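K.L.:
everything below, folded, please.
(one chain, ligands or ions: 3)
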Amino acid sequence: METMVQTTTKHGMDVIHDPLLSKGTAFSLSERERLGIRGLVPPRTQEMDKQLQRIIRNLRECRTPLEKFIFMTALQDRNETLYYRLLIDNLEELSQIIYTPTVGLACQRFHSIYRRSRGMYFSTLDRGQMAAMVHNWPHDQVDVIVVTDGSRVLGLGDLGANGMQIPIGKLSLYVAGGGIRPTSILPVVLDVGTNNEELLNDPLYLGMGHRRLEGEEYYSFVDEWVAAIQNRYPNALIQFEDFKYPHAYNLLHKYQDKICCFNDDIQSTSAVALAGVLAALKARSLPIDNLNEERIICVGAGSAGVGVCEGIIDCMVEQGKVKSREEAYKRIWMLDQHGLIGNPNLGTSDGTKPPTIGLGDRANLDERQLCYLKKDMHDRMSLEDVVKVIKPTVILGLSGAPGVFTEGAIRAMADGVEKPVVFPLSNPTHQSECTAEQAFKWTDGRAIFASGSPFKDVEYKGKICKVNQINNAMSFPGLGLGVTVSRSSRVTGKMFMETAITIANMASEEQLKSGILFPGVAALREVSKEVAARVCEVAYDQGLARAQLPKGVSLKGLIEESMWKPAYVPTIRLESHS
Ligand SMILES: NC(=O)C1=CN([C@@H]2O[C@H](COP(=O)(O)OP(=O)(O)OC[C@H]3O[C@@H](n4cnc5c(N)ncnc54)[C@H](O)[C@@H]3O)[C@@H](O)[C@H]2O)C=CC1
Ligand SMILES: CC(=O)C(=O)O
Ligand SMILES: [Mg+2]
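P.N.:
Ligands and ions are numbered 1, 2, ... in the order given. You can find the predicted model right below:
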């Protein structure tokens with residue numbers, strides 16, 4: 001429900017310097033009077049439209065994306081209402097600043113561009129204190145928490161406590177794209193150390209300067225934090241973000257049936273990538289329930305790669321055209337940094353490794369990855385060789401390894417299929433497995449293309465080739481909104497599957513024909529509404545919803561009403577009793 005007034009016990013400068021209360025120059029004369037700020041701001045009251053004019057002009061004067069990032073952060077720190085208005089009105093442009101790709105650079109530079117604190121840090125100094133520390137957070141209602149241990153930040157590796165910008169950026173999208181209230185979000189870093197030598201040796205680094213906790217020490221640290229959060233915010237949704245493999249999976253399996261949580265890289269990525277694969281079937285005029293007829297290569301066997309493939313397998317099983325899960329696994333060929341996960345007992349195809357008895361060093365793979373092992377193919381085959389043998393219809397990149405979609409591999413793919421589906425999904429832009437331009441050039445403009453970070457559409461031989469963005473940002477805000485509105489006690493696999501199907505059905509026939517798979521980031525609020533409504537339905541169907549549905553309101557109406565919108569409302573001063 002839209003708030004008509006906001007109340008505060010604050011007064012004077014404390015109001016002006018609180019970004020959740022501040023309206024900058026927009027305080028009315030009577031508010032200035034009531035709040036004790038008369039004379040503390042320039043005399044002319046200027047409403048938001050004028051403030052936006054000024055802010056956009058100043059933003060345009062920033063020369064680099066990082067300068068824009070710092071500018072946006074400063075605005076968020078002064079006036080959150082204005083920050084979110086600007087962000088929502090310019091979502092496509094500014095998501096590239098506060099989110100991927102620029103947020104990656106901001107994480108790398110976090111300790112040198114640091115100005116003002118946001119979010120909470122829990123470090124090894126805080127063992128035994130976390131339950132008390134959680135009460136330092138100033139808000140009693142928290143709906144969504146995004147937490148990282150900074151161990152695998154985008155495709156940039158271990159950035160330790162510098163990873164804080166990721167939860168901040170993700171939560172900005174929850175507010176701007178999912179209508180979650182800015183007072184109800186909590187960004188968190190679990191500073192369990194870093195193994196990044198450069199950061200360990202940098203005197204300005206702001207995290208604890210020790211190596212990462214591992215094993216029991218690591219898991220008991222996370223346990224303490226989860227218990228502390230549960231104690232104060234038992235209803236909050238926890239989003240695990242950018243945890244390294246296999247911690248990401250281990251934590252998900254440990255908590256997913258106990259608390260309301262999910263892993264973004266595994267599960268929301270899976271929802272949006274599945275949406276892309278399904279929409280790409282439609283774009284090729286193929287039935288959406290023929291997923292089992294696709295031949296899919298996934299380059300990257302970590303959290304995101306395995307998560308995305310699991311989602312595709314779940315969907316194949318659900319569509320009922322495969323006899324078993326094992327049959328579905330046969331439709332996906334997975335590669336890691338060594339090449340194809342194939343049969344070491346056959347040796348390598350070029351004879352550089354003789355056959356092994358048992359799995360050899362493939363024994364490092366776990367049961368999730370071994371499901372994809374192809375017994376009839378040589379281990380470690382190169383991508384290009386695999387492409388030539390299996391003639392894939394879809395190639396997914398979730399490796400964080402730039403350029404691994406080689407010209408040879410993509411050209412070979414284009415030789416085998418009319419419309420190759422090429423999805424290099426690694427972030428940020430410079431970690432992408434290939435560029436949009438390369439994909440269209442190597443497929444003679446025939447590719448259906450999507451990347452994790454934005455690329456511009458490509459002009460190829462006089463035709464505009466459309467670029468899509470497949471990023472979990474399209475799925476988590478709506479999912480979180482649905483969970484929050486229904487007060488679901490858990491986040492389930494069905495919710496991600498339905499999120500995928502909802503997004504896959506959003507593009508018009510015309511858009512699909514032109515190569516657009518689903519609406520872009522600019523339409524995020526619309527996408528979120530649809531996703532949230534479906535997630536709510538699933539929560540009620542599965543008996544997980546704890547919120548009473550108000551009578552006479554449609555689910556979509558309820559969602560719409562629940563979404564926070566950045567607008568100034570009159571501020572009333574309450575007497576402080578302290
Ligand atoms: N578009 C999106 O929404 C999302 C994209 N991602 C991206 O996916 C990438 C991987 O993320 P995670 O799976 O969480 O990381 P991870 O560290 O768990 O896994 C990376 C995987 O890539 C493999 N790999 C590394 N170098 C390779 C190479 N040269 N060739 C083939 N495989 C190679 C590794 O063996 C490992 O299996 C990151 O760049 C991340 O930005 C992750 C989540 C969402
Ligand atoms: C998008 C995202 O979550 C990632 O690249 O890790
Ligand atoms: Mg991530």
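K.L.:
wait, what's in contact with the closest residue to ligand 3 within the stretch 451-578 of the chain?
P.N.:
The minimum distance from the stretch 451-578 of the chain to ligand 3, using C-beta to the ion, falls at Asn472 (6.7 Å). Where C-beta positions appear, they are placed from N, C-alpha and C, glycine not excepted. Asn472 makes contact with 264-265, 268-269, 271-272 under the criterion C-beta atoms under 8 Å, 6 or more residues apart in numbering.
K.L.:
can you redo those as CSV with secondary structure, pLDDT and distance to Val394?
P.N.:
Output for those, formatted as CSV (DSSP: H, G, I helix; E, B strand; the rest coil; pLDDT from 0 to 100; distance: C-beta to C-beta, whole Å):
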residue, secondary structure, pLDDT, distance to Val394
Asp264, helix, 98, 22
Asp265, helix, 98, 20
Ser268, helix, 98, 19
Thr269, helix, 98, 15
Ala271, helix, 98, 16
Val272, helix, 98, 15
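K.L.:
hmm, back to that, report pLDDT for the residue of the stretch 451-578 of the chain closest to ligand 3.
P.N.:
Per-residue confidence (pLDDT) for Asn472: 98.
K.L.:
same check, this time on Thr348
P.N.:
77.
K.L.:
in three-state terms, label the nearest residue to Leu340 once chain neighbours are set aside for me.
P.N.:
Spatial nearest neighbour of Leu340, chain neighbours left out: Met381 (4.1 Å); criterion: C-beta to C-beta, 6 or more residues apart in numbering. Of the three states, Met381 takes coil under DSSP: H, G, I helix; E, B strand; the rest coil.
K.L.:
how about Met381, phi and psi?
P.N.:
Per-residue torsions, Met381: phi -60, psi 150 (degrees, to the nearest 10).
K.L.:
that one and Ile341 touch, don't they?
P.N.:
No - applying C-beta atoms under 8 Å as the test, Met381 and Ile341 come out as separate, 9.6 Å apart.
K.L.:
burial of the residue of the stretch 1-150 of the chain found nearest ligand 1, as a residue count?
P.N.:
Using C-beta to the nearest ligand atom, the closest approach of the stretch 1-150 of the chain to ligand 1 is made by Thr100 at 7.7 Å. For Thr100, the neighbour count with other C-beta atoms under 10 Å is 23.
K.L.:
shouldn't Leu281 be in contact with Leu291?
P.N.:
Yes - look at Leu281 against Leu291 with C-beta under 8 Å: they come within range, at 7.0 Å.
K.L.:
who's more crowded, these two?
P.N.:
Leu291 (25 against 22).
K.L.:
contact partners for the more buried one?
P.N.:
So Leu291 contacts 277-278, 281, 312, 315-316, 319, 321 (C-beta under 8 Å, 6+ apart).
K.L.:
name the element the closest residue to it other than its chain neighbours belongs to?
P.N.:
Among residues not flanking Leu291 along the chain, Met316 sits closest, at 5.1 Å (C-beta to C-beta, 6+ apart). Here Met316 sits within helix 303-319, counting by DSSP states H and E.
K.L.:
in that helix, what counts as buried?
P.N.:
The neighbour-count check on helix 303-319 (16 or more other C-beta atoms under 10 Å) flags 303-317 as buried.
K.L.:
and what of stretch 188-203?
P.N.:
188-194, 196, 199-200.
K.L.:
where does the residue of the stretch 1-150 of the chain closest to ligand 1 land in three-state SS?
P.N.:
coil.
K.L.:
quick check: it vs ligand 3, distance?
P.N.:
Using C-beta to the ion, to the nearest Å, we find Thr100 at a distance of 9 Å from ligand 3.
K.L.:
next up, the contacts around that residue.
P.N.:
154, 427-429, 452-454, 471, 473.
K.L.:
how does it look with 7 Å?
P.N.:
Each residue near Thr100 by C-beta atoms under 7 Å, 6 or more residues apart in numbering is listed here: 154, 427-428, 452-453, 471.
K.L.:
repeat that for Cys261.
P.N.:
So Cys261 contacts 237-238, 240, 255, 491 (C-beta under 7 Å, 6+ apart).
K.L.:
span of stretch 187-202 from start to end?
P.N.:
Start to finish, the residues bounding stretch 187-202 are 24 Å apart (C-alpha to C-alpha, to the nearest Å).
K.L.:
check stretch 445-461 too.
P.N.:
Note: stretch 445-461 ends 8 Å apart using C-alpha to C-alpha.
K.L.:
what of stretch 394-410?
P.N.:
Termini of stretch 394-410 sit 11 Å apart (C-alpha to C-alpha).
K.L.:
could you check that stretch against ligand 1 for contacts?
P.N.:
Yes - under the criterion of C-beta under 6 Å from any ligand atom, ligand 1 is reached by stretch 394-410 at 398-401, 404.
K.L.:
same check on stretch 495-508?
P.N.:
No - on the criterion C-beta under 6 Å from any ligand atom, stretch 495-508 is out of touch with ligand 1, staying 12.4 Å away.
K.L.:
and that stretch, what's its mean pLDDT?
P.N.:
On average, stretch 495-508 scores 98.
K.L.:
show me which residues of it are buried.
P.N.:
In stretch 495-508, counting by 16+ other C-beta under 10 Å, buried: 495-504, 506-507.
K.L.:
list of residues touching that stretch?
P.N.:
267, 270-272, 274-275, 278-279, 311, 314-315, 318, 474-475, 478-479, 516-519, 527, 530-531, 534-535, 538.
K.L.:
filter those residues to the buried ones?
P.N.:
Buried, going by 16+ other C-beta under 10 Å: 267, 270-272, 274-275, 278-279, 311, 314-315, 474-475, 478-479, 516-519, 527, 530-531, 534-535, 538, out of these.
K.L.:
now, those that are in helices?
P.N.:
Cross-referencing the buried ones among the contacts of stretch 495-508 against helices under DSSP state H gives 270-272, 274-275, 278-279, 311, 314-315, 478-479, 527, 530-531, 534-535, 538.
K.L.:
centre of the chain to the strand or helix carrying Asn468, how far?
P.N.:
Counting by DSSP H and E, the element that carries Asn468 is strand 467-469. In terms of C-alpha atoms, centre = their mean, to the nearest Å, the centre of strand 467-469 is found 16 Å from the chain centre.
K.L.:
hmm, who's touching that strand?
P.N.:
276, 436, 449-451, 454-458, 516-517, 520-521.
K.L.:
does the helix or strand where Pro167 lies reach ligand 1?
P.N.:
Assigned by DSSP H and E, Pro167 belongs to helix 165-178. No - on the criterion C-beta under 6 Å from any ligand atom, helix 165-178 is out of touch with ligand 1, staying 10.3 Å away.
K.L.:
would that helix count as contacting ligand 3?
P.N.:
No - judged by C-beta under 5 Å from the ion, helix 165-178 stays clear of ligand 3, getting no closer than 6.7 Å.
K.L.:
list the helices and strands that helix packs on?
P.N.:
helix 80-89, helix 91-98, helix 102-108, strand 144-148, strand 185-191, strand 237-241, helix 476-486, helix 524-541 (3 or more C-beta pairs under 7 Å, 6 or more residues apart in numbering; DSSP states H and E).
K.L.:
CA atoms only: put that helix into CSV for me.
P.N.:
Provided in CSV are the C-alpha atoms of helix 165-178 (Å, rounded to 0.1, in the frame of the first residue of the first chain):
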residue,chain,number,x,y,z
GLN,A,165,28.9,-3.5,-3.9
ILE,A,166,27.2,-6.7,-5.3
PRO,A,167,24.6,-7.0,-2.5
ILE,A,168,24.1,-3.2,-2.7
GLY,A,169,23.6,-3.3,-6.5
LYS,A,170,21.3,-6.3,-6.4
LEU,A,171,19.2,-4.7,-3.6
SER,A,172,18.9,-1.5,-5.6
LEU,A,173,17.4,-3.6,-8.3
TYR,A,174,15.0,-5.2,-5.8
VAL,A,175,13.7,-1.7,-5.0
ALA,A,176,13.8,-0.2,-8.5
GLY,A,177,12.7,-3.4,-10.4
GLY,A,178,10.7,-5.3,-7.7
